[in-house]
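>>> Let me see the structure of the following:
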Amino acid sequence: VLASWHLQVRDVATGAVVREREEAHGWKAIDAIAVAPSGRQLATVSWDETARLWDPETLECVTVLQGHTDSLGYVVYSADSSTIATSCWRNEARLWRAADGKPLYILSGPGLTWVTSVCFAYDGDRFLVGGSEQADVGVWECALPERPSDSEAAVAVAAPAVNLQGKR
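Prediction:
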């Protein structure tokens, strides 16, 4: 799956375009795309301050996630495909229910600016990690449905990643 202003699904073996949605977010660029681990949904984020959920078979937009107040930088699914996290350049990440796009939580932290990337820890999706261009990291406990707590660490991060065993 590729994205710029157009959303494309390509054949892995040949690289040929199988499906395409032109101007998926209007004339705003798509900043990031995620494929649900279940394979049943795609999510895109854009400079238009929205995330969009797509049917991967038809590339029809199923839901538009609204609420951010600045450009979005990243999107990721939880391991069970039930939750989506988006990051915004206005020092926040948001959690959404993937099934219907319902907003769950707004996550922010003191001193955390320009949240450019997010990832779930592979431990049952208990923690969400966000990195920023200001060398900050935010770590939120996401034991849904309880309200996550905020914390911060002073570490330079370009893009967070967690190993598959969830130990580092």
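
>>> So which bits of stretch 28-37 are buried?
28, 30-36 (16 or more other Cβ atoms under 10 Å). Bear in mind the C-beta positions are built from the backbone N, C-alpha and C, glycine included.

>>> now swap in stretch 57-72 and tell me
59, 61, 63, 65, 68, 71-72.

>>> residues making contact with it?
7, 9, 19-21, 24, 31-32, 41, 45-47, 49-55, 84, 86-90, 92, 94, 96, 100-101, 103, 106 (Cβ atoms under 8 Å, 6 or more residues apart in numbering).

>>> Just the endpoints, please. Distance across it?
25 Å (Cα to Cα, to the nearest Å).

>>> average pLDDT for it?
Mean per-residue pLDDT for stretch 57-72: 90.

>>> circling back: from the contacts of stretch 57-72, which land in strands?
7, 9, 19-21, 24, 31-32, 45-46, 50-54, 84, 86-88, 92, 94, 96, 103, 106 (DSSP state E).

>>> Buried only: go through those for me.
Buried among the ones in strands among the contacts of stretch 57-72 by 16+ other Cβ under 10 Å: 7, 9, 21, 24, 31-32, 45-46, 50-54, 84, 86-88, 92, 94, 96.
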